[in-house]
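K.L.:
got a predicted structure plus its sequence, pasted below:
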Amino acid sequence: MGVRALEKFATEVGGADTGPVTCVGGRSQWDVGGPCLPSVREVRAPSGVTEYEPAEMIVRCRAGTPVAELDAVLAAAGQMVTLDPACPEVATVGGVLAVGHSGLRRLRFGPVRDVLLEAHFVTADGSLIKAGGPVVKNVTGFDLCRMLVGSLGTIGFLAEVVLRCQPRPQVSAWYRAEGADPFEIRSRLFRPSSILTDGASTWVLLEGRAPDIEAELSFLPGDWQAVEGPPSVPAGGRESLPPSRLRSLHGEYLAEVGVGTVHRPGPVGVVPAQGRAADLQRRVRDAFDPSRRLNPGRMEAA
Amino acid sequence: MTSTLVADLRRALSPGRVLAEPLELALFARDASVMEGHAAVVCFPTTTEEVQAAVRIARSHGRAIVPRGSGTGLAGGAVPVSDDASPPPVVVVTTKMNAIVDVDEVDRVAWVQPGVLNLDLSRAVAHLGLHFAPDPSSQQSCSIGGNVANNSGGPHCLLHGVTSAHVLALEVVLPDGEVVVLGGLDPDPDGYDLRGAFVGSEGTMGIATRVAVRLTPLPPAIRTMLVDFETVAAAGATVSGIIAAGIVPAAIEMMDSAITCAVEDYVHAGFPRDAAAVLLVEVDGLADGVEEAARLITDIAVAQGARTVRVAAGAEERALLWKGRKSAFGAVARIAPDYYLHDAVVPRTKLVEVLAAIADIAERYDLLIMNVFHAGDGNLHPLIVFDRRVAGTLERVRLAGGEIITACVAAGGMLSGEHGIGLEKRDYMGMVFSDADLDAQARLRDVFDPTHACNPMKVLPGGSRCGDLQHVPEGAWV
Ligand SMILES: Cc1cc2nc3c(=O)[nH]c(=O)nc-3n(C[C@H](O)[C@H](O)[C@H](O)COP(=O)(O)OP(=O)(O)OC[C@H]3O[C@@H](n4cnc5c(N)ncnc54)[C@H](O)[C@@H]3O)c2cc1C
């Protein structure tokens, strides 16, 4: 039964003769990577968690599963997957992976591309391809999974994925201080989950077992208030900078210290690859979707 | 023909850094696997420009290029092979490109040349309280470029992730001689993650000439425990119990009784010679949290029937325990002259079952197989110890190896957790991937190397794309 849902999805996506097609998730990050051309036929990936063995710390689910639904299943076993989208109720697993934007806990848990262990995806010719494998450590063949994350659906549409789980932290606590030096905080803390700054305030997320949180807190100079959560994150655009460049930011922003992601209220220009790197980008697109039928309009540089 | 090739390379590099004598070439015909090839010429560039020159000269002479680091690879990745119709390849060795170019201690990034040895990098940044987290057992001798190409792992990758999680950017000489930078020091460079594609590409997508690696803070506190068990099953249950308790140790390594005895004879670290299995478990972090985790792990182990839990008293004892683990290969050299180290990965919950299957295979082929491996992430390393001079042995080693891989795949595993596919396992790829899956991988390689000039015949089986060779060449197996 499981396989049939994937095959049905592949048939829906169709081959070259079925024209342009776009894959819709929760539309929570629909505009990332440029608007999809209007009136393109829409498909949706199947949904649902299909296999979960907590002792393996991996989970298999369909790409159309809302992140909150996946999270509820994992929470029951004390685990999580650090997809961390802004709107977990609407964002789908496949959508978060295709966009490839990591959540606010990247400092500790790494980029979202590192959670994808195995992917079943539908290519432009309608075939169902598997990449990677259902184990936490794997160098069997070339790493198509890393390529799929952030590809905005232009290499193929994700149908089913296997993701790496983590233990859910026993304690998860945000703190805020005014006027602290976030860069100094970064050098003092051992394994913070997140350090955010808007230029005036600093927010820190500490996670783990109680003794770890207490120890980390003791490293924080000054006056820190426990707060509910992070501030609201500006959603106009994301800048990607080497972390040390965050010291000289201007305007309105929320920056992820130690990571280099800067959230801005307004749109942000991206720096596309140049020269030979741009040529390689185009060659990837040509190799997987020569007629540009998957998500036309997205990833224009390639 | 080879003589003009050699002359051109000597002009572009320097005569002393281009080897072509048969005895010299023989040294580069193998890596640490049991496979063997043949190089036309071996060169040692020192700069990116020299790598470019070597690649261009090789191409202009119609030769393939085989990148090589320290030659410690176990899957034949650096073994120079070509099909019968093509002349032998040019081997490009990175060992003279061994400078740490730049260390940024604030952003915790280092740019290094590919020939820098893994442990040398960690040593060079230790005074900053940092290290390069991937720690293959071969870390004293393997190169960062080799780590990148094989996406290498090590005991501490359980907590920190394998090489791919520690590589931010790469400067690469492509198979046509052009230079490109993949990835970047910022978190999300625009476009496809070509950096991610290159890591683990086993030398088939070009030669990495500079690597930007992430440096990881050294933990303030560490607890290393040696736990011993009367059954392999109890050790396996302890691994599962630790994971189920939500603890992610820095490392969980398992050794079976045969390798434990071999190691004890070699390093005299007090490993229990009568144990069925031992676990080496390490937790690191902040002092109080580490104490708590160590206590929890001890409780779990004892509940599963552990006989003793030995906690290393200090840095010296810790180093001794790790020396035991990491010198397992030196230890077996005293038992028999040859070993064949396998690498496969299985679901963690299947470890005990697969170990039993391996023991059965050993018995049927009348071979000594020892197990020392990364239990925390299900990464098995069955080690076949043998003497190739005994007639028929090598054939039994090969057949047993095939059965081990089959057993791992049958348990839901994959062909390699960290050593790569290289030449060794390319013809097994069809066990875990369909033709369409392999074609997709081949398309990715072709983005970088459309003419298959770089490390040909590796990773993908013949026929993944039309025009590919069908078989590993005769004589590649020693
Ligand atoms: C005793 C022993 C223990 C080991 N333990 C481990 C372990 O714990 N974990 C683990 O993961 N591995 C282990 N290995 C395997 C091996 O050490 C690793 O694969 C290592 O990363 C190889 O590095 P190298 O410099 O020796 O590469 P080589 O063997 O020289 O080459 C390996 C591959 O990388 C390619 N390559 C090398 N340099 C470059 C470059 N600059 N650009 C592009 N391609 C390149 C080669 O073409 C080849 O395909 C062990 C090996 C031995 C002998």
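P.N.:
On my side now, so go ahead.
K.L.:
which strand or helix spans the closest residue to chain A within chain B?
P.N.:
Proximity of chain B to chain A (CB to the nearest CB) peaks at residue B:196, 2.8 Å away. Bear in mind the C-beta positions are built from the backbone N, C-alpha and C, glycine included. For residue B:196, the enclosing helix or strand under DSSP states H and E is helix B:194-198.
K.L.:
with residue A:276 instead?
P.N.:
Counting by DSSP H and E, residue A:276 is part of helix A:275-288.
K.L.:
can you tell me the centre-most residue of chain B?
P.N.:
Closest to where the C-alpha atoms of chain B average out (CA atoms, centre = their mean) is residue B:419, at 3.6 Å.
K.L.:
distance of that residue from the ligand?
P.N.:
Distance of residue B:419 to the ligand, computed by CB to the nearest ligand atom, to the nearest Å: 5 Å.
K.L.:
list the contacts of the closest residue in space to that residue that isn't next to it in sequence.
P.N.:
Sequence neighbours aside, residue B:343 is the residue nearest to residue B:419 in space, at 4.0 Å (criterion: CB to CB, 6 or more residues apart in numbering or on different chains). Contacts for residue B:343 (CB atoms under 8 Å, 6 or more residues apart in numbering or on different chains) come out as B:74-75, B:379-381, B:416-419.
K.L.:
rewinding a little: does the residue of chain B closest to chain A really touch residue A:113, like I thought?
P.N.:
Yes: using CB atoms under 8 Å, residue B:196 is in contact with residue A:113, at 6.4 Å.
K.L.:
which residues do the two both contact?
P.N.:
The contact lists of residue B:196 and residue A:113 share A:146, A:149, where a contact means CB under 8 Å, 6+ apart.
K.L.:
show me what residue A:62 is bridged to.
P.N.:
Here residue A:62 sits in beta bridges with residue A:160, going by DSSP bridges.
K.L.:
isn't it right next to residue A:44, touching?
P.N.:
No: using CB under 8 Å as the test, residue A:62 is too far from residue A:44 to be in contact (10.1 Å).
K.L.:
and the two? Which one has more around it.
P.N.:
residue A:62 (24 against 16; other CB atoms under 10 Å in any protein chain shown).
K.L.:
and the helix or strand of chain B with the lowest mean pLDDT, which residues are buried?
P.N.:
Counting by mean pLDDT, DSSP states H and E, chain B has its least confident helix or strand at helix B:328-332, which shows a mean of 84. Within helix B:328-332, the residues that count as buried by 16 or more other CB atoms under 10 Å in any protein chain shown are B:328-329, B:331-332.
K.L.:
residue in chain A nearest to chain B?
P.N.:
For chain A, CB to the nearest CB, closest residue to chain B: residue A:146, 2.8 Å.
K.L.:
residues touching the nearest residue to that residue once chain neighbours are set aside, list them.
P.N.:
Distances taken as CB to CB, 6+ apart place residue B:196 nearest to residue A:146, at 2.8 Å, with adjacent residues excluded. By CB under 8 Å, 6+ apart, residue B:196 lies in contact with A:113, A:143, A:146-147, A:149, B:164, B:183.
K.L.:
mind listing the strands for the stretch 151-300 of chain A?
P.N.:
A:157-164, A:166-167, A:171-178, A:194-197, A:201-208, A:225-227, A:237-240, A:254-256, A:261-264 (DSSP state E, counting those that start in this stretch).
K.L.:
of those, which approaches residue B:100 most closely?
P.N.:
Among the strands of the stretch 151-300 of chain A, strand A:237-240 comes nearest to residue B:100, with 25.7 Å by CB to CB.
K.L.:
so what strands line up beside the closest one?
P.N.:
Partners of strand A:237-240 in its sheet, by DSSP bridges: strand A:261-264 (antiparallel).
K.L.:
and the partner strand, C-alpha only, in CSV?
P.N.:
The C-alpha trace of strand A:261-264 is given here as CSV (Å, rounded to 0.1, in the frame of the first residue of the first chain):
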residue,chain,number,x,y,z
THR,A,261,21.7,34.1,9.0
VAL,A,262,20.2,37.6,9.2
HIS,A,263,16.4,37.9,9.1
ARG,A,264,15.2,41.2,7.6
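K.L.:
buried ones in the strand or helix carrying residue A:42?
P.N.:
Element membership for residue A:42 (DSSP H and E) is strand A:41-43. For strand A:41-43, a neighbour-count test (16+ other CB under 10 Å) marks residue A:43 as buried.
K.L.:
any idea which helix or strand comes after that strand?
P.N.:
strand A:49-53.
K.L.:
contacting residues for residue B:103?
P.N.:
B:109-110, B:124-125, B:128, B:215.
K.L.:
wait, residue A:10
P.N.:
Contacts of residue A:10 (CB under 8 Å, 6+ apart): A:122, A:126-128, A:159.
K.L.:
please produce a markdown table containing the residues you listed, extended by neighbour count.
P.N.:
Shown next, in a markdown table, are those (neighbours: other CB atoms under 10 Å in any protein chain shown):
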| residue | neighbour count |
| --- | --- |
| A:122 | 28 |
| A:126 | 16 |
| A:127 | 17 |
| A:128 | 21 |
| A:159 | 26 |
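K.L.:
from those, which are also near chain B?
P.N.:
Contacts with chain B within these, counted by CB under 8 Å from any CB of the partner chain: A:127-128.
K.L.:
which of the contacts of residue A:10 fall within strands?
P.N.:
Judged by DSSP state E, the subset of those located in strands is A:122, A:128, A:159.
K.L.:
nearest to residue B:83, of the residues you listed?
P.N.:
residue A:128 (31.9 Å).
K.L.:
near chain B, which residues of the stretch 1-150 of chain A?
P.N.:
Contacts of the stretch 1-150 of chain A with chain B, taken as CB under 8 Å from any CB, map to A:53-57, A:78-79, A:100-102, A:106, A:110-111, A:113-114, A:123, A:127-131, A:133-144, A:146-147, A:149-150.
K.L.:
are any of those buried, and which?
P.N.:
A:54, A:56-57, A:79, A:100-102, A:106, A:110-111, A:113-114, A:123, A:127-131, A:133-144, A:146-147, A:149-150.
K.L.:
which one of the contacts of residue B:103 has the most neighbours?
P.N.:
Busiest of the contacts of residue B:103 [other CB under 10 Å] is residue B:110, holding 25 neighbours.
K.L.:
for chain A, what are the nearby residues on the stretch 351-478 of chain B?
P.N.:
B:374, B:377-379, B:412-421, B:425, B:429, B:432-434, B:436-438, B:440-441, B:443-448, B:459-460.
K.L.:
out of the residues you listed, list just those in helices.
P.N.:
Residues of these located in helices (DSSP state H): B:436-438, B:440-441, B:443-448.
K.L.:
may I see the PyMOL selection of the buried members of those?
P.N.:
A single PyMOL command selects the buried members of those (16+ other CB under 10 Å):
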select buried, chain B and resi 437+438+440+441+443+444+445+446+447+448
